[in-house]
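Asker: Quick one, fold the following:
(one chain, ligands or ions: 1)
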Amino acid sequence: MPDFPAHASPGFPPMQAPKPKRNVSEFQLDTNPADPSSVAPPLVSPSLTPPTTPFANGQRPDRQPRAVPVPEPSSENAEEQGALLEKLPHVECAVRARIPTTTGQEMWLHLYHNDVDEKEHLAIVFGPHIRSRSLDALRPGETERDRMIRGAYVGTLYPGRTSSRLEAIRKDAGVSSRPSSGYLAALNGSPGKKQEAESDTSSVASGYPDDLGPAMVRIHSECYTGETVWSARCDCGEQLDEAARLMSLPMPTPASTPGSEIGENDAHRAAMKLPSAGGVIIYLRQEGRGIGLAEKLKAYNLQDLGHDTMEANLLLRHPGDARSYGLATAMLMDLGLDGERGIKLLTNNPDKVRAVEGPQREVRVVERVPMIPLAWKTDGKSGVQGPEVERYLSTKIEKFKHMLSSG
Ligand SMILES: Nc1nc2c(ncn2[C@@H]2O[C@H](COP(=O)(O)OP(=O)(O)OP(=O)(O)O)[C@@H](O)[C@H]2O)c(=O)[nH]1
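Answerer: Residues are numbered from 1 along each chain as shown. Next up is the predicted model:
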C-alpha cells in the first residue's frame, strides 16, 4: 500500500528547516528524573533526535501505532472531563459520493447538515461497512434515480443503473439473489425487512461486522493552513494523511488486528489491494480550534511576536480551545458506530476522548490510538519539521496536556 501523498504540493521543493535554538531540556515536560522510562520524547529537530525518540530505531517500520485501552469514566474524574452538551445536535447526511483517491483506495465522502450551524461538516468513510442511517432512510416522493443521485445506493454506480437496491438489479438481470440479512437486506428490500427500513431506519443495526472489533475513528478539525497551503506551523495535514493511511490498511486476519503490528503477510495483502477494514474521519469545520481562520492568522502573528499558541488565543480573548464535539458524536451515531462495541479513536487529546462520547455515552471510546508526529517516527526522514511546529508540539504537551509521549 503506497503512502498517502504529502499534503504539500510536489511543485514546491522542501525548504531547509532552520536549526532549532532551543533544547528539549528547556521544556520542563512532566517526567520523573528517577525513572528513565518516563522521559518524554524530545521535541528538537530530527537531525538532533536522541535514541529515546519513539520508533527512532526502526522498531515500527510499518508506522502502525499501538492502541491504548481507555479506562471507563468514573464519577471521581467526571469534573476534570469537562462539561458535555446536554442534548446532541440533529444531523442528516444530505449526500455522499465515491471518491477514488490518488493512492488507489476509494473513500466515500458524506456531507452532513445539522441544526446548530450552517456549515457542511463531513464524514470521510473508508471501507465498505459503514453506512449512514439518515442517508439511507427513504425520503417522501423520491425516485430511485433521486436516491442514486444523493448517494443512497448499495454497491457501485454504473452507466444505465436503474435501482438504488442491489436486489432489484439482480432480479432484472435474472440473477438469483444471495441471502442477505439485517441492515443491507432492509436497504435492498428483502421481504419483511423493507417495511422496517422505511418505518424506523434508526433502529436497524450497523453494517459494520462484529468480528472487525471497534471501528477506527479520527475526529479532525479543519486547518486550511496545514492541509491546503503547506504550513509547517502545525502537523494537521500530516495527521489527516496518516489517519487515511491507517484506515486504508488491509482487512485484519485473526493474526493481525487493527492497531497491532503489521506483518510481512499483511504487506503482501496490502499490495494485492484487499479490502480495508476501514474507518471514518469526521471532518469538523472548526478552523483554528474553533476561532476561525481570520483569528488564527492573528494568533500566528502573535506567535511570531513571541507568544505560544495558547497565549495567542487568550490575548485575542478566545478560549485556548473553542471546539465542541457534539456534532461528531451525532454523526458517529448516524453512521452506526454508537453502542457497546465502541470505537478506537486516533488522538492525543484527552479532552476529545470524553467529549466525543456524548452526554449519555452514546458513543464509547474503548481504545485510543496515539498520533505520533511523522518526524519522530521516521527519525526525521519525513514529516513536518521546523522551529514553529516544535514550539506548537511542546505547547500541546505542556499546556493542552496532550498525551504525546505514549507510544
Ligand atoms: N487557534 C489556533 N489554532 C490552531 C493553531 N494551530 C493549529 N490550529 C488548529 O488546531 C486544530 C487541530 O488541533 P490540534 O491541537 O492539532 O489537535 P487536536 O485535534 O486537539 O488533537 P489530536 O486529535 O491529538 O490531533 C485545527 O482546527 C487547526 O486549525 C494555532 O496556532 N492556533
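
Asker: low pLDDT regions in the stretch 101-250 of the chain?
Answerer: Applying pLDDT under 70 to the stretch 101-250 of the chain flags residues 176-207.

Asker: Tell me which stretches of it form strands.
Answerer: Using DSSP state E, counting those that start in this stretch, the strands of the stretch 101-250 of the chain run over residues 106-114, 121-126, 215-221.

Asker: ok and the last one relative to strand 121-126, angle-wise?
Answerer: Spelled out, that is strand 215-221. When axes from the mean of the first three to the mean of the last three C-alpha atoms, to 10 degrees is applied, the directions of strand 215-221 and strand 121-126 differ by 150 degrees.

Asker: now what about strand 215-221, what contacts it?
Answerer: The contact list for strand 215-221 (C-beta atoms under 8 Å, 6 or more residues apart in numbering) reads 129-130, 208, 236, 239-240, 243, 246-247, 258-259, 277-284, 286-287, 289-290, 323, 325, 328, 332, 337, 343-347, 352, 356, 369. Every residue, glycine included, has its C-beta placed from N, CA and C.

Asker: ok, now with 6 Å
Answerer: Strand 215-221 has contacts (C-beta atoms under 6 Å, 6 or more residues apart in numbering) with 208, 240, 243, 247, 258, 279-284, 286, 328, 337, 343-346, 352, 356.

Asker: is it true that residue 132 touches residue 334?
Answerer: Yes: contact criterion C-beta atoms under 6 Å: residue 132 and residue 334 qualify, at 5.4 Å.

Asker: Close to the ligand: what parts of the chain are there?
Answerer: Where the chain comes near the ligand, counting by C-beta under 6 Å from any ligand atom, the residues are 221-223, 234, 236, 239, 286-289, 291, 296, 299, 309, 313, 347-349, 352, 371, 396, 402.

Asker: Using CSV, write out every CA atom in stretch 325-341.
Answerer: Below are the C-alpha coordinates for stretch 325-341, written out as CSV (Å, rounded to 0.1, in the frame of the first residue of the first chain):
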residue,chain,number,x,y,z
TYR,A,325,-17.7,17.6,19.6
GLY,A,326,-21.4,17.1,19.8
LEU,A,327,-21.7,17.1,16.1
ALA,A,328,-19.1,14.4,15.8
THR,A,329,-21.0,12.3,18.3
ALA,A,330,-24.2,12.7,16.4
MET,A,331,-22.5,11.9,13.1
LEU,A,332,-20.9,8.8,14.5
MET,A,333,-24.3,7.6,15.8
ASP,A,334,-25.8,8.2,12.4
LEU,A,335,-23.0,6.1,10.9
GLY,A,336,-24.0,3.2,13.3
LEU,A,337,-20.9,3.5,15.5
ASP,A,338,-22.7,4.0,18.8
GLY,A,339,-23.3,1.2,21.3
GLU,A,340,-21.4,-1.2,23.4
ARG,A,341,-18.7,-2.3,20.9
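
Asker: And this structure, what are its domain boundaries?
Answerer: Domain segmentation of the chain under automatic domain parsing yields 24-89+209-286+323-398, 138-205.
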